[in-house]
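In: prediction below, plus the sequence it came from.
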Amino acid sequence: MKFVSLLFGLLFLLFSYFQFNDPDPEIWISIYSAAALACYMAHKRLWPYWIFYGLAVAFLIGTFLVWPPEFEGIFFGDLGMRSLNIELARESLGLGICAVAMGLLGWLSSRPE
């Protein structure tokens, strides 16, 4: 579990860094930083497993709430934002990754070391 929590924690810190160029960086830096903090808490085994499951559900709900009204894909050859739907799809994908990570950390936290 220590490797998985460290890997996801570093990934979410990297995601936070990439959000400085986002149109709404405050929201997404906060979200990815919270996910990185949860990974740290999992790494140190400071939170019970059910908190990670709760976070997974919250991120999953966010994934569906942010989903674009019309899916236009995620990439168009470059990383620039071509339309709002592409930006929403990317944000939804990020929340989905957070949900999967929190679910995995919850499962790993529920197992004895």
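Out: Arrived safely, thanks for sending. Numbers count the residues shown, from 1 in each chain.

In: what residues does stretch 6-16 touch?
Out: Counting by Cβ atoms under 8 Å, 6 or more residues apart in numbering, stretch 6-16 makes contact with 28-29, 32-33, 35-36, 39-40, 43, 94, 97-98, 101, 104-105, all of which sit outside it. (C-beta placed from N, C-alpha, C; glycine too.)

In: buried sites along that stretch?
Out: The neighbour-count check on stretch 6-16 (16 or more other Cβ atoms under 10 Å) flags 8-9, 11-13, 15-16 as buried.

In: next helix or strand past the strand or helix carrying residue 10?
Out: Mapping residue 10 onto the secondary structure by DSSP states H and E places it in helix 2-18. Downstream of helix 2-18, the first helix or strand assigned by DSSP H and E is helix 25-43.

In: list the buried residues of the helix or strand that that following helix is followed by.
Out: On the C-terminal side of helix 25-43, the nearest following helix or strand under DSSP H and E is helix 49-66. Applying a neighbour-count criterion of 16+ other Cβ under 10 Å, the buried positions in helix 49-66 are 49, 51-53, 55-56, 59-60, 62-63, 66.

In: residue 25 contacts residue 18, correct?
Out: No: counting by Cβ atoms under 8 Å, residue 25 stays clear of residue 18, with 9.6 Å between them.

In: excluding chain neighbours, what is closest to the residue positioned nearest the centre of the chain?
Out: The centre of the chain sits closest to residue 98, judged by Cα atoms, centre = their mean, with a distance of 2.6 Å. Counting by Cβ to Cβ, 6 or more residues apart in numbering, residue 59 is the residue found nearest to residue 98 once chain neighbours are left out, at 4.2 Å.

In: for residue 33, same thing?
Out: Leaving aside its sequence neighbours, residue 33 sits nearest to residue 16 (Cβ to Cβ, 6+ apart; 5.2 Å).

In: do you know how far that neighbour is from residue 69?
Out: Between residue 16 and residue 69 the distance, using Cβ to Cβ, to the nearest Å, works out to 27 Å.

In: picking that back up, which among the contacts of stretch 6-16 gets closest to residue 3?
Out: Each of the contacts of stretch 6-16 was checked against residue 3 using Cβ to Cβ; the closest is residue 43, at 9.3 Å.

In: distance check, the closest residue to the closest one other than its chain neighbours against residue 60.
Out: Residue nearest to residue 43 in three dimensions, not counting chain neighbours: residue 5, with 4.0 Å by Cβ to Cβ, 6+ apart. According to Cβ to Cβ, residue 5 stands 19 Å off from residue 60.
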